[in-house]
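Trainee: pasted the sequence and its predicted model underneath.
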There are 2 protein chains.
Amino acid sequence: MSNYSTMEKTALKAEYDSLKASFEAYKAQGLKLNMARGKPGSEQLNISNDMLTVLTADTDYSSPDCPDCRNYGNLTGLESAQKLFADILGVEPKNVFVGGNSSLNMMFDTIACMMELGCSGEKPWREQGKIKFLCPAPGYDRHFGVTGYFGIEMITVPMTENGPDMDMVEKLVSEDASIKGIWCVPKYSNPQGITYSDETVKRFASLKPAAKDFRIMWDNAYIIHDINDTPDQLLNIFDEVKKTGNEDIVFEFCSTSKITFPGAGVAALAASENNLAILKKRYNFQTIGYDKMNMLRHVKYFGDLNGVLAHMQKHRAVLEPRFNMVLDMLEKELKDCGVATWTKPNGGYFVSVDVTEGCAKRVVALCKEAGVVLTGAGATYPYGNDPKDSNIRIAPTYPPVEELAKAMEIFCICAKMAAIEKLI
Amino acid sequence: MSNYSTMEKTALKAEYDSLKASFEAYKAQGLKLNMARGKPGSEQLNISNDMLTVLTADTDYSSPDCPDCRNYGNLTGLESAQKLFADILGVEPKNVFVGGNSSLNMMFDTIACMMELGCSGEKPWREQGKIKFLCPAPGYDRHFGVTGYFGIEMITVPMTENGPDMDMVEKLVSEDASIKGIWCVPKYSNPQGITYSDETVKRFASLKPAAKDFRIMWDNAYIIHDINDTPDQLLNIFDEVKKTGNEDIVFEFCSTSKITFPGAGVAALAASENNLAILKKRYNFQTIGYDKMNMLRHVKYFGDLNGVLAHMQKHRAVLEPRFNMVLDMLEKELKDCGVATWTKPNGGYFVSVDVTEGCAKRVVALCKEAGVVLTGAGATYPYGNDPKDSNIRIAPTYPPVEELAKAMEIFCICAKMAAIEKLI
């Protein structure tokens, strides 16, 4: 295969006709394949099934800080669950708040709390007029959704191979006090699988924002989600902010959604004592406490951090071949013809593909026509607006392996078709 | 025993000395008894233990609307859970949103949603300046807590034996467009155990508030929580608002917190299609979905409404003797001396005692001195301010039976002591 940009029109046209024939053949199959969302597949879900019978009618439902986990109470979560998440995050248990089944919900509530109560002695965010958030992009569409819901203006910051463009971040936050925060997925970022470099983390910990009430939303969703023998290492942001005396600048989030069950996991956040005190001013009225039985179920099932890490190896065994299949196919089908570039993550849930500029929407539309659902083009950018119309997020985890192979074949065909359409 | 108000001072003094001696004897025992919160006791929690093993590694985790309950999705809850709650509430499944483990959290989120988005085409509540809520009192302290958190002014409405004083409710809401809602616990109200009369429910359904965006927060926490052979009957508010064309005026809430486990139950709300559409505008960004495995666990455990009702009979068997003990002791110790009046509920979680005016704080303090924790005096009123300093909420469910008896003895002694202190 030659690089399309060097091919003559007639050759390109012939190539297109051949691709189109394959496309039509797939289309005729009436397929329903889905690579849209970062959902674990059945094989991964089965890994955690034994957790369901950890609690029985004979279990001791007490713990040192709770006479009976079946009953009301323990707003910040069971101490044993705080300890487990503290060990995952590398922080002190006293800095951990264990919540319900969704870290997204905890992020949403955190933003709501800042809007309503504010922090660092400043007025509530919603009383400060127009406020803004930095949104490294491509990024996680649901982060942008929360920001948009609260009417916060989003400023796109480009991602580099080391994380967000820190020159730009530093400049913007030091100059503009209406910038109140930034969304970060620091390890195996969604969708690129990039892990922030040590320097990036240190620069975050050293930020001197014009807004005293600026906060980093550190969504460490994939903190232990390695998929091969060369996992990335992320500096611990809480260690770094301790060194710089900047403990109040960060909220960190994680969950077991992609460790046990997405629909029935446990989420947690870590924060400084000042920040936790503010959150508790809201949580105190919001609920009496989250599901302690599910916390207990998780704690008893895993035992400790080692139990969690051993469990993650089972996920890796499922995911590594899937990611390899996707990457191999991209390499084989798209490299020589030069119609796309992509990331090769060591963990996380996505492969991020940049197709020929101006072609992402067309590729997603073609795929849909052939029965393959992808995340909407643009979804990885604030306001759904990818300025280059180039980025597509591939989620290789959910479909059965044989469907994944077929879906990737179709994806590559569509990426090539769209590129040729652009060229001729 | 004579009525204290007719006794001479010397006789009262002698009575006081005798009470004081008993008080000191209890105090010397260093007791730690608790009648503060409406928490089920261990015996009640044990009733639901078999629910814990309903889901196993071999369970079919699918349902018609969800290929795998372990995974993400189904924002409004599993259809089977919507159906179960619909049957409990007497509404259509399409009007039910099933949430996490806390109906309080759903109420909090509903108020937050109205503050942020508004309803009935009006501006968001928080953009309308000072707004107010009607708070029937005595009532549930956590309702008042949510209202206060959002900076909503609370107006106390007296409770009658038929529910809130509807003359006052109708007058206020028809005259003042800044009144945006009212808190109701329509069946076995917290703390009095009063069930709203048919006329009260019909008058609620026929309300014509000055504010188009006025909402009734119908917290049906004790909808099926009968404790004897003469249960109260509550009219179905959704049937009534249908008749009056007032479907958008009410949000209804309930949960299994006092059916299965307070810490690990399932909560739900019912609302009109218009109201649900507004809530979903917020929930869409707040979360991907609540814990479907816990929904499935509940659905499979109960089967249907009949399963739930049979289950409630087991709670009744535990609660009826406790309530009888409390009521018998009040009758025996406090009736003749005329220092208190109280309600005799047919369900719910509380007995509401009105001690001699100006004595509630003193009674609670004396009880505390003798080792009995009660809900703080005033907690049942907005701003913690009981104008008569008279109402005390007794929660007979949590302590072991022998402790409950002792706690009630002490309570009666303290009620009498405080009354005599006032008289002499």
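Mentor: Thanks, I have it.
Trainee: every contact and neighbour count from this point should use C-alpha atoms.
Mentor: Noted.
Trainee: so how far is the helix ranked longest in chain A off the chain centroid?
Mentor: Counting by DSSP state H, the longest helix found in chain A is helix A:305-334. Centre-to-centre, helix A:305-334 and its host chain are 16 Å apart (C-alpha atoms, centre = their mean, to the nearest Å).
Trainee: for the record, mean pLDDT for it?
Mentor: On average, the pLDDT along helix A:305-334 is 97.
Trainee: stretch A:11-25 now?
Mentor: Per-residue pLDDT over stretch A:11-25 has a mean of 97.
Trainee: next one: stretch A:153-166
Mentor: Rounded mean pLDDT across stretch A:153-166 is 98.
Trainee: CA atoms only for that stretch - export them in CSV, please.
Mentor: Extracted in CSV, the C-alpha atoms of stretch A:153-166 (Å, rounded to 0.1, in the frame of the first residue of the first chain):
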residue,chain,number,x,y,z
GLU,A,153,-17.3,28.6,30.0
MET,A,154,-14.8,26.1,28.7
ILE,A,155,-11.4,27.0,27.3
THR,A,156,-9.7,24.3,25.3
VAL,A,157,-6.1,23.5,26.2
PRO,A,158,-4.2,21.2,23.7
MET,A,159,-2.9,17.9,25.0
THR,A,160,0.8,17.1,24.4
GLU,A,161,2.5,13.8,24.9
ASN,A,162,3.3,14.9,28.4
GLY,A,163,-0.2,16.1,29.4
PRO,A,164,-1.9,19.4,28.9
ASP,A,165,0.2,22.3,27.4
MET,A,166,1.5,23.6,30.7
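Trainee: and the angle from the one helix or strand A:L296 maps to to helix A:305-334?
Mentor: Assigned by DSSP states H and E, A:L296 belongs to helix A:292-302. Interaxial angle, helix A:292-302 versus helix A:305-334 (axes from the mean of the first three to the mean of the last three C-alpha atoms, to 10 degrees): 80 degrees.
Trainee: contacts for helix A:292-302?
Mentor: Contacts of helix A:292-302 from elsewhere in the structure, counted by C-alpha atoms under 8 Å, 6 or more residues apart in numbering or on different chains, are A:51-52, A:54-55, A:69-70, A:77-78, A:80-81, A:84, A:264-266, A:308, B:263-264.
Trainee: and the longest helix of chain A, what does it pack against?
Mentor: helix A:42-47, helix A:79-89, helix A:401-423 (3 or more C-alpha pairs under 8 Å, 6 or more residues apart in numbering or on different chains; DSSP states H and E).
Trainee: pick the most buried one from these.
Mentor: For the helices and strands packed on helix A:305-334, the largest average neighbour count (mean count of other C-alpha atoms under 10 Å in any protein chain shown) is found in helix A:79-89, namely a mean of 22.
Trainee: so what does that one touch, helix or strand wise?
Mentor: By 3+ C-alpha pairs under 8 Å, 6+ apart, helix A:79-89 packs against strand A:96-98, strand A:267-270, helix A:292-302, helix A:305-334.
Trainee: what about the biggest strand by length in chain A, near chain B?
Mentor: If you go by DSSP state E, chain A has its longest strand at strand A:153-160. No - applying C-alpha under 8 Å from any C-alpha of the partner chain, one finds strand A:153-160 separated from chain B by no less than 15.7 Å.
Trainee: buried residues in that strand, which are they?
Mentor: Buried residues in strand A:153-160, counted by 16 or more other C-alpha atoms under 10 Å in any protein chain shown: A:E153, A:M154, A:I155, A:T156, A:V157, A:P158, A:M159.
Trainee: just name the closest of these to B:P209, please.
Mentor: Lowest distance from B:P209 to these (C-alpha to C-alpha) belongs to A:E153, with 36.2 Å.
Trainee: so what pairs up with the nearest residue to the closest one once chain neighbours are set aside in the strands?
Mentor: Nearest non-adjacent residue to A:E153, counting by C-alpha to C-alpha, 6 or more residues apart in numbering or on different chains: A:K132, 4.5 Å away. On the basis of DSSP bridges, A:K132 is bridged to A:E153, A:I179.
Trainee: how far away is A:K132 from A:T147?
Mentor: Separation of A:K132 from A:T147 (C-alpha to C-alpha, to the nearest Å): 9 Å.
Trainee: report the buried residues of the helix holding A:L296.
Mentor: Applying 16+ other C-alpha under 10 Å to helix A:292-302 flags A:K292, A:M293, A:N294, A:M295, A:L296, A:R297, A:H298, A:V299, A:Y301, A:F302 as buried.
Trainee: on that earlier part again, what does the pLDDT read for the residue nearest to A:E153?
Mentor: Predicted confidence (pLDDT) for A:K132: 98.
Trainee: so who does it touch?
Mentor: A:I152, A:E153, A:M154, A:I155, A:S178, A:I179, A:K180, A:G181.
Trainee: A:D87 now?
Mentor: Applying C-alpha under 8 Å, 6+ apart, the residues near A:D87 are A:L305.
Trainee: same deal with A:Y140?
Mentor: A:Y140 sits next to A:N190, A:P191, A:A379, A:T380, A:Y381 when contact means C-alpha under 8 Å, 6+ apart.
Trainee: go with 6 Å
Mentor: Contacts for A:Y140 were tallied using C-alpha atoms under 6 Å, 6 or more residues apart in numbering or on different chains; they are A:N190, A:T380.
Trainee: and it, how close does it get to chain B?
Mentor: Distance, A:Y140 to chain B, using C-alpha to the nearest C-alpha, to the nearest Å: 13 Å.
Trainee: low-confidence ranges, chain A, go.
Mentor: By pLDDT under 70, the low-scoring segments of chain A are A:1.
Trainee: 50 instead?
Mentor: For chain A, no stretch is flagged by pLDDT under 50.
Trainee: residues near the closest residue to A:V351 other than its chain neighbours, how many?
Mentor: Once flanking residues are discounted, A:V351 sits nearest to A:I394: 5.1 Å by C-alpha to C-alpha, 6+ apart. For A:I394, the count of nearby residues is 23 (other C-alpha atoms under 10 Å in any protein chain shown).
Trainee: that concludes my questions; thank you for your assistance.
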